[in-house]
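In: heads up, no residue letters with this:
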Ligand code: AMP
């Protein structure tokens with residue numbers, strides 16, 4: 001399976017990618033996770049990206065495109081991949097097209113997780129990430145008082161960029177810079193859409209995802 005997951009921050013791309021990865025043998029490539037790893041390991045890329053990430057802005061295209069070129073030079077992508085958080089701009093999508101054509105890995109689909117804005121804000125303000133395995137947990141979905149990751153027991157924390165003001169900025173940037181990709185991929189006949197409803201648990205979205213992809 002060769003898939004791009006598209007959707008606003010908080011739409012559940014990472015969760016759906018993890019669920020698909022568990023069932024279908026392919027690699028989950030999250031640009032957000034790769035960048036956060038660079039930040040914590042204090043690499044040069046991490047240093048260059050940090051300021052943008054803290055404000056909820058996009059890391060410049062040239063840095064992210066180079067990072068993806070490097071990721072796609074690794075052999076594991078040959079078995080299939082789920083890309084989560086990339087592309088976020090038209091130049092990034094053009095670069096991905098070039099990378100995939102060079103490597104002869106055409107995309108099967110681009111899956112859009114469509115979620116209303118009020119739902120996204122509620123979700124983002126209530127989500128925590130695991131320091132150990134990066135899994136995202138929505139506190140609205142679980143008993144309150146949970147301090148540890150349900151998957152691995154690691155410590156949960158609120159990401160710096162999940163504060164309300166930064167969330168609003170990230171959503172604005174999504175509308176301006178990333179949403180044009182919906183029409184771009186639709187024109188290419190690759191787009192499949194899942195409409196995520198307020199009451200949906202990750203398993204409900206997953207069912208709709210499989211149906212949308214004809215799995
Ligand atoms: P995410 O975990 O996908 O929400 O990404 C967290 C942050 O990393 C974003 O708010 C951006 O600052 C940065 N980031 C992740 N992916 C990209 C990308 N494809 N282009 C630019 N910045 C990105």
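Out: Alright, I've got the coordinates. The structure presented is a predicted model; accordingly, all values stated were derived computationally and were not measured. Numbering: from 1, shown residues only.
In: partner strands of the lowest-mean-pLDDT helix or strand in the chain, parallel or antiparallel?
Out: Least confident helix or strand of the chain, by mean pLDDT, DSSP states H and E, is strand 136-138 with a mean of 82. Here strand 136-138 has these sheet partners by DSSP bridges: strand 127-130 (antiparallel).
In: The strand it pairs with - what's its average pLDDT?
Out: Strand 127-130 carries an average pLDDT of 86.
In: residues making contact with that strand?
Out: 10, 135-139, 149, 151-152, 154-159, 162 (C-beta atoms under 8 Å, 6 or more residues apart in numbering). The C-beta positions use only the backbone N, C-alpha and C, and glycine is treated the same way.
In: Among those residues, name the buried ones.
Out: Buried subset of the contacts of strand 127-130 (neighbour count, 16 or more other C-beta atoms under 10 Å): 10, 135-139, 149, 154, 156, 162.
In: Quick one: those residues as CSV, columns for distance to the ligand too.
Out: Conversion of the buried ones among the contacts of strand 127-130 to CSV gives the following (distance: C-beta to the nearest ligand atom, whole Å):
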residue, distance to the ligand
10, 8
135, 12
136, 9
137, 14
138, 14
139, 18
149, 17
154, 17
156, 16
162, 9
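In: and which of these is nearest to residue 88?
Out: residue 10 (14.3 Å; C-beta to C-beta).
In: Which element, helix or strand, includes whichever residue of the chain sits closest to the ligand?
Out: Residue nearest to the ligand within the chain (C-beta to the nearest ligand atom): residue 32, separated by 2.1 Å. Following DSSP states H and E, the helix or strand that holds residue 32 is helix 31-40.
In: and the angle for the next helix-or-strand element following that helix with helix 31-40?
Out: Proceeding N to C from helix 31-40, the next assigned helix or strand is helix 44-55, under DSSP H and E. Relative orientation of helix 44-55 and helix 31-40, computed by axes from the mean of the first three to the mean of the last three C-alpha atoms, to 10 degrees: 110 degrees.
In: pLDDT averaged over helix 44-55 - what is it?
Out: 95.
In: how far away is the residue nearest to residue 150 when sequence neighbours are not counted from residue 152?
Out: Distances taken as C-beta to C-beta, 6 or more residues apart in numbering place residue 137 nearest to residue 150, at 6.5 Å, with adjacent residues excluded. Distance of residue 137 to residue 152, computed by C-beta to C-beta, to the nearest Å: 11 Å.
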